[in-house]
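Peer 1: Need the 3D shape of this:
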Amino acid sequence: MQSLRRPRRGQAGYNLIEVIIATALLGIVAITIFTLFVMGRRNIYSGKQVSQAIAIGTQVLEDLQPLNKKMLYNGAFGIADSDTGAAVTLPRVTGLTAPNWTNARVRSTDSTVMSSPPADIGTENAPPGLLARWNTMLTGKLTNPSVTLVLDPEVDTAGNSPAQFGTAQVLHVRVFVRWTEAGRRREIVLDTVKAF
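Peer 2: Model prediction:
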């Protein structure tokens, strides 16, 4: 009779410890999979933002490409031939050493991009109104965006030191596209050189 009262081990079911362990393992697997989905979504969004910024930076370089010296200085950004640049330090958003130039002009869609911006940071002539065009291009694509150009004249044919914009044979142009993503500032940097 006693053998009839005892259930067999196979019919007894799971005990509490086994259920808790199975639930814990299921929870760990579910959290891991959920985290992968969240991180994947964040990476896709970040990649989209970087792609937008690169497209904008490339458009800026394409807008500058057909301009000759007179169109670029006098026509677009109000820089006289006899102008020299000034010392410029542009703060980095990535925590790296801030880039600086000893003889450059800055043009930006954001006049607060630097802690001590030059008075002519947003100076441009209309037409062509490049800064206004780039500002319109940024709208709705990135959060808190800006395009900043650093124009650095080099190789002065007249022997001026520092090089003047009117007599420099080479202009180094650095384009910074900056935006805010997930509460932190991001940037991409594109460079080109124009020979006159």
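
Peer 1: Output the below-cut-off pLDDT ranges for this structure.
Peer 2: For the chain, the stretches flagged by pLDDT under 70 are 1-12, 94-96.

Peer 1: for it, which strand is longest?
Peer 2: Longest strand in the chain, counting residues (DSSP state E): strand 168-181.

Peer 1: Tell me which strands that strand pairs with, and in which orientation.
Peer 2: When pairs are called by DSSP bridges, strand 168-181 turns out to pair with strand 146-156 (antiparallel), strand 184-195 (antiparallel).

Peer 1: Make CSV out of the ones you listed and add mean neighbour count.
Peer 2: Yep, even glycine has a C-beta here, placed from its N, CA and C like the rest. Shown next, in CSV, are those (neighbours: other Cβ atoms under 10 Å):
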stretch, mean neighbour count
strand 146-156, 21
strand 184-195, 14
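
Peer 1: Out of these, which gets nearest to Asn43?
Peer 2: Asn43 lies closest, by Cβ to Cβ, to one member of the strands paired with strand 168-181: strand 184-195, at 13.6 Å.

Peer 1: Contacts made by the closest one with the rest, please.
Peer 2: 49-50, 53-54, 57-58, 60-61, 64-65, 72, 92-94, 169-180 (Cβ atoms under 8 Å, 6 or more residues apart in numbering).

Peer 1: Quick one, which of those residues are buried?
Peer 2: For the contacts of strand 184-195, a burial check counting by 16 or more other Cβ atoms under 10 Å picks out 49-50, 53, 57, 60, 64, 72, 171-179.

Peer 1: those helices in this protein, which residues are they?
Peer 2: 2-5, 16-64, 69-70, 130-138 (DSSP state H).

Peer 1: Identify whichever of these lies nearest to Phe196.
Peer 2: With Cβ to Cβ as the measure, helix 69-70 is the member of these nearest Phe196 (4.6 Å).

Peer 1: Can you get me the centre-to-centre distance for the closest one and its chain?
Peer 2: 28 Å (Cα atoms, centre = their mean, to the nearest Å).

Peer 1: distance of Ser116 from Gly78?
Peer 2: To Gly78, Ser116 is 20 Å away according to Cβ to Cβ, to the nearest Å.

Peer 1: my bad, should have said Leu25
Peer 2: 68 Å.

Peer 1: same check, this time on Tyr14
Peer 2: 80 Å.

Peer 1: Which of these two has more residues huddled nearby?
Peer 2: Taking neighbours as other Cβ atoms under 10 Å, Tyr14 and Gly78 compare with Gly78 leading, 14 against 10.

Peer 1: list the contacts for Gly166?
Peer 2: Applying Cβ under 8 Å, 6+ apart to Gly166 gives the contacts Lys69, Tyr73, Ala80, Asp81, Ser82, Asp83.
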